[in-house]
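In: Got a predicted model here, sequence first, then my questions.
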Amino acid sequence: MLCFENRILRLIANGAPVQDTVHQLCQEVEALLPGVICTVMRIDPAGLLDPLAAPSLPAELSGAIGGLMMGPDAGSCGRAAYLRQPVFVTDISADPKWAKLRDLALAAGLKACWSAPITGQDGKPVGALALYFREPRSPLEPERTVIAQCVELCEIALRRHERVADRERRASVDGLTRLPNRAAFNMALASMACDAPGSWALFIVDLDNLKTVNDLFGHPAGDGLIRAAGERIAAAMLPDVTFRLGGDEFAVIVQYPEALTDLEARAGRIFAALEAPADCDGHVVVPAATIGGAVLAGNAAADVYQNADFALYHAKETGRGGFVRYWPGIGSRITHRLDAIRDVTAALAEGRIDAYYQPVVRLDTREIVGVEALCRLRTAAGEVIAASEFQDATSDVKVAAALTGRMLSIVAKDVRGWLDAGIPFQYVGVNVSTADFYAGDLTRKLEHSFGRAGVSLDHLILEVSENVSVGRRDKVISAEISRLRRSGVRVSLDDFGTGHASLTHLVSMPVDAIKIDRSFVAQLWPDDPAMVIVQGLIDIARQLDIRVVAEGIETEVQASQLWMMGCVLGQGFEFSRAVDRTAMTELLRRYAEGMDGAISLMSTHAMTRSLPELATGLRTGTYGAPR
Ligand code: C2E
Ligand code: CA
Ligand code: CA
C-alpha cells in the first residue's frame, strides 16, 4: 500500500473536486519519486485529452497535450488511452509517438514518459496517468507498482467524478446511443493534426432503412435501430471513436494504422457487424448502411469531412450503397450526373428521347437474329447523343423508371411495326437499371407497353448489367429477376466480366443469356489471359444452356476468332452501329434470319464487294448512327 493512499481516499470520500484530488496525488508521487513529474489527463467523451492535473509540467507542454485527440501517435497518454494499455516510451527523442510534442518535451528536459490508461465503469478510457523522467530509461519494478496503484486511485476518483459530471457529459453525449454527439465530433475534428497526409481518415455512415422502419413500425422501433446500429458500429471500429452526428448518421475518426492501409476492409467490418437481425421494439430489422470515406490528404480537417460527405452522397445517389471512398474527380462526377439528370428529365418531358437499334448477328451466317435497343437523346438543336453520355442519369430512381417506361413503349411500337411488315422479327434487348428493380413495377410496365401493342413477351429480353445485379443488394434483384423469368420474360446479364460477378452467380441467379463485355473482345490475342476466360465462359454457358453474345466486335479477326471458340452470336461496329428505326427496318428486310432471300450482314470490307452502297452507309453512319 502506498503511504499516501489513505490521504487520497479520504479526499475522494469527502467529495473534494476531482482536480484537487488528482493534483494532490501528483504531488504525493513526485515527493515519493524525486525528479519524476506526474500528470493526470482526462479523456472526454469525444476522445480529446484534457490536463486535469500537471502541477510540475511546463505550462506550454501541458497546453499542447490538452486538446489532442487520443490516437496511436498522440504522445504516451494519447496512445495509452487509445490502445487501452500501458505505453512505455523510454526515449522521447527517438520515438515516433512523440513526434508532435518532442521539441517541447526535450526543451523541458524530459527524456522518457510512461503512461497507463484510466478506464471508466463501461470499460471506455476516461483518462491517462503519466510519469515523466529526466533520463531515457525503462521503469523499475517498484515504479511499475506505483503506477498501477495510482491508476486504481485515479479510477476511483474519475469514476466518481463521471457521475458528478453527468450534466457536463450530457452536452457532448447523445442520449439515445450514449455515443459522443455532433458537438463532440466538431471538437474532435478540429483537434486533428493535418500535417501528415494519410495519418487519419473519416467514415460517415448513413443508415439505409431508418425511414422505412419509422414509417412501418413507429419511432420506438426506429430508435431501437439507431441504438443497435450505433452500438455495433462503435464496437466494430474500436479503438477508434464513433460519433452519432444526428438522425441516421454516424461518423468514425479512423486512426488505427491497419485500418488506414485498407479502408475498404475496415468499412467491411461495419457491414459485417450490421448484418445480423436486430430486435427493434419487438420488430426484427436487419440494419443496413452506406458509408462514405476520405483520407487526410494535405488539406484541412473540414475538407476531409466534406470529401467523406461527397463520397457518401455519391454512394447513396448511385444506388449501389456499400462503401465509396473519395477520389479527386468525385465532385465533377456528381455535377456531371446532376447535369445528365436534368437533361434527360427535360428530354423526356419534351419527347426528345428515342430508341436506336444495333443488330445482333449469327457469327457464321451473319444474319440478324435480334436487335438491342439503345437510348438516344436528341438535343434541342437536333444533335443525337448516345446513352454513354447520359448513362449516369439512370442511377436516379425517378429518371430511370421514366426512361425505361418510355423506351419500352417506343420499342414495343417499333416491334409491332416490324411484325406487321411481315419481318420474321425474333427479339429485342432492352437495358434496365437497378432502380427499375427497386421500383418493383416492371411487370406492370411490360403489360402497359408490350401488352398494349399486342407484342408477345417472347420477343423481349431484358438486359441487366452485371454491375447492377451483384453486390450487397443482390438479393432483391435476383428475387425480382427470378419472378420476371417465371412470368416468361427472358433476362440477359450485360457487361459480363466487368463487375464482381463470378460464374457461381449463374447458379444462384439463373439467366437466359450473357453478354461478354467488349473489353474482353478487344483483348483476344493468343497469349492474353482474356482468351482463356472467354473460352471458359463460352464452354460453361453452353453446358448451362445459356446463350452467349459477344459485344463490341470491331474486326473480322475478332468475329472469326469468337466463332472458332464456339461463340454463336455477336454484336459490334464490325456489323453495324446503332441506327434509327428506318435504317433498322432496311437492315432487317435484307439480313433478318428467316427472311425470304435473306443474305448475311457481312463485315464492312466483304460488303464493299457485294453491297457497296449499304456498306458505305453503315460505315459512315448515314443511316443515322450517331458518332
Ligand atoms: P451496353 O448495354 O453495353 O450497350 C452497348 C454500348 O456499346 C452502346 O453504347 C453501343 O453503341 C456501344 N457499342 C456497340 N458496338 C460497339 C463496338 O463495336 N465498339 C464500341 N466501342 N462500342 C460499341 P451506348 O448506346 O452509348 O450505350 C451505353 C450504355 O448505356 C449501354 O451499354 C447501356 O448500359 C446504357 N443504356 C443504353 N440504352 C439504355 C436504356 O434504354 N436504358 C438504360 N437503363 N440504359 C441504357
Ligand atoms: Ca446492353
Ligand atoms: Ca454491354
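Out: That came through, no problem. Ligands and ions are numbered 1, 2, ... in the order given.

In: In the strand or helix carrying residue 61, which residues are buried?
Out: Under the criterion of DSSP states H and E, residue 61 resides in helix 59-65. Of the residues in helix 59-65, 61, 62, 64, 65 count as buried by neighbour count, 16 or more other Cβ atoms under 10 Å. For every residue, glycine as well, the C-beta is placed using N, CA and C.

In: Format these as CSV; extra columns: pLDDT and distance to ligand 2.
Out: Shown next, in CSV, are these (pLDDT from 0 to 100; distance: Cβ to the ion, whole Å):
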residue, pLDDT, distance to ligand 2
61, 93, 65
62, 92, 65
64, 92, 60
65, 92, 60
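
In: Report the central residue of this protein.
Out: residue 323 (1.6 Å; Cα atoms, centre = their mean).

In: Would you check that that residue makes contact with residue 265?
Out: No: in this structure, residue 323 is not within contact of residue 265 by Cβ atoms under 8 Å, at 9.7 Å.

In: Around ligand 2, which positions in the chain sit nearby?
Out: 431, 463, 494 (Cβ under 5 Å from the ion).

In: Who wins on neighbours among those residues?
Out: Within the residues of the chain next to ligand 2, neighbour counts (other Cβ atoms under 10 Å) peak at residue 494, which reaches 27 neighbours.

In: hang on, the earlier thing: run through who's touching the helix holding residue 61.
Out: Here helix 59-65 makes contact (Cβ atoms under 8 Å, 6 or more residues apart in numbering) with 39, 41, 49, 51, 54, 75, 77-78, 100-101, 104-105, 108, 110.

In: Can you tell me which of these has the most neighbours?
Out: That'd be residue 41 among those, by other Cβ under 10 Å, with 32 neighbours.

In: OK, contacts around that residue?
Out: So residue 41 contacts 49-52, 54, 65-66, 77, 81, 127-130 (Cβ under 8 Å, 6+ apart).

In: between these, which is nearest residue 159?
Out: Nearest to residue 159 among the contacts of residue 41: residue 127, at 10.0 Å, using Cβ to Cβ.

In: what about residue 80, which SS state?
Out: With DSSP: H, G, I helix; E, B strand; the rest coil as the basis, residue 80 sits in helix.

In: Kindly provide the distance from it to residue 141.
Out: 19 Å (Cβ to Cβ, to the nearest Å).

In: try residue 73
Out: Distance from residue 73 to residue 141, by Cβ to Cβ: 29 Å.

In: and if you look at residue 194?
Out: Taken as Cβ to Cβ, the span from residue 194 to residue 141 is 41 Å.

In: Residue numbers of the stretch 451-600 of the chain in contact with ligand 1?
Out: Applying Cβ under 6 Å from any ligand atom, we find that the stretch 451-600 of the chain lies next to ligand 1 at 463, 465, 494, 495, 518, 552, 553, 554, 571, 572, 573, 578.

In: Please repeat the previous calculation with a cut-off of 8 Å.
Out: Applying Cβ under 8 Å from any ligand atom, we find that the stretch 451-600 of the chain lies next to ligand 1 at 463, 465, 494-495, 515, 517-518, 551-554, 571-574, 577-578.

In: Using neighbour counts, give me the buried entries of those residues.
Out: So, by 16+ other Cβ under 10 Å, the buried ones in those are 463, 465, 494-495, 515, 517-518, 551-553, 571-574, 577-578.

In: can you tell me the helix or strand for residue 38?
Out: strand 37-43.

In: whoops, I mixed them up, residue 428
Out: strand 427-432.

In: tell me the mean pLDDT for the following helix or strand past that strand?
Out: Sequence order places helix 434-439 as the next helix or strand after strand 427-432, per DSSP H and E. If you average the pLDDT over helix 434-439, you get 77.

In: Could you do stretch 133-147 as well?
Out: 90.

In: How is this protein divided into domains?
Out: 2-172, 182-328, 341-617 (automatic domain parsing).

In: which stretches of the stretch 101-250 of the chain form helices?
Out: Taking DSSP state H, counting those that start in this stretch to define them, one finds helices in the stretch 101-250 of the chain at 102-107, 141-164, 166-172, 182-191, 210-217, 219-237.

In: same for the fourth one, what does it pack against?
Out: Counting contacts by 3 or more Cβ pairs under 8 Å, 6 or more residues apart in numbering; DSSP states H and E, helix 182-191 packs against helix 166-172, strand 241-246, strand 249-254, helix 301-317.

In: which strands and helices sit next to the second one?
Out: The criterion is 3+ Cβ pairs under 8 Å, 6+ apart, and the helices and strands that strand 241-246 contacts are helix 182-191, helix 219-237, strand 249-254.

In: deepest of these, which one?
Out: strand 249-254 (a mean of 24; mean count of other Cβ atoms under 10 Å).
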